[in-house]
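Participant: Could you work out the structure for the sequence below:
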Amino acid sequence: MNREEKKQATLQRIIEAADRLFCEKGFEETSVAEITQAAGVAKGTFFNYFATKEELLFKFQKNFYLHELFSLRDRPGPYMPLILAYVKEVGDSMSESPALLRSALQRFLASSNADKGTAGHVLKLQSIIELFDKGQRSGEFRRHISADELASTALQLYFGTLVIWSTGMGDTGLGDQLQTAYRVFLNGISTTQDQ
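Facilitator: Numbers count the residues shown, from 1 in each chain. I've put the predicted structure just below:
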């Protein structure tokens, strides 16, 4: 294993250990020392990769969701079923730890690290714009609203649903709530009948 592969393996161990501990104990209750012990690395090694525990959380979430979004964007249409399956999968994965989601949202909104999420937000928004643009060009989505506006609205719907669900509102899981919200939104812009 070369040096770069070792660095990637170490990074992966840190992320996996943190994810496991965040789910078990919660974000606030997990220390960097516990993460490094579970990952089998020195505490200083953690700080070679992340400035703070919050940065690790943002990186983990951004990498996972951007990877999924990029793969969705690169697939052929129709896009409505792909989007509905994506939001369901993302929501279901987040439903496994409501406390972690609440912590992540609180930290993101309250932290000076929120600016670090901007790059991920721009990548996410650009991928969604491309998705809606493809859907419009294929005739699946109406063209009376720009792909930029559709993408921005979809992102707002996503974050709004996360906040509402994380506060305990709703009788269903997050995946189901996201899928319902997106079904209503997508049916409103679809060129075909309800799906």
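
Participant: State the mean pLDDT of stretch 106-124.
Facilitator: Taken as a whole, stretch 106-124 has an average pLDDT of 59.

Participant: now swap in stretch 1-19 and tell me
Facilitator: 89.

Participant: Residues in contact with that stretch: which ones?
Facilitator: The set of residues external to stretch 1-19 that reach it, using CB atoms under 8 Å, 6 or more residues apart in numbering, is 30, 35-36, 38-41, 45-46, 49-50, 53, 56-57, 59-60. Just so you know, the C-beta spots here come from the backbone N, C-alpha and C atoms, and that holds for glycine as well.

Participant: Pull out the buried residues from those residues.
Facilitator: The neighbour-count test (16 or more other CB atoms under 10 Å) marks 30, 35-36, 38-39, 41, 46, 50, 53, 56-57, 59-60 as buried among the contacts of stretch 1-19.

Participant: can you list the residues you listed in CSV and add distance to Ile15, pLDDT and secondary structure?
Facilitator: Below are the buried ones among the contacts of stretch 1-19 laid out as CSV (distance: CB to CB, whole Å; pLDDT from 0 to 100; DSSP: H, G, I helix; E, B strand; the rest coil):
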residue, distance to Ile15, pLDDT, secondary structure
Thr30, 13, 90, coil
Ile35, 9, 95, helix
Thr36, 12, 95, helix
Ala38, 11, 96, helix
Ala39, 8, 95, helix
Val41, 12, 94, coil
Phe46, 11, 94, helix
Phe50, 9, 89, coil
Lys53, 12, 84, helix
Leu56, 7, 83, helix
Leu57, 10, 76, helix
Lys59, 8, 72, helix
Phe60, 5, 69, helix
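
Participant: Fine, thanks again, bye for now.
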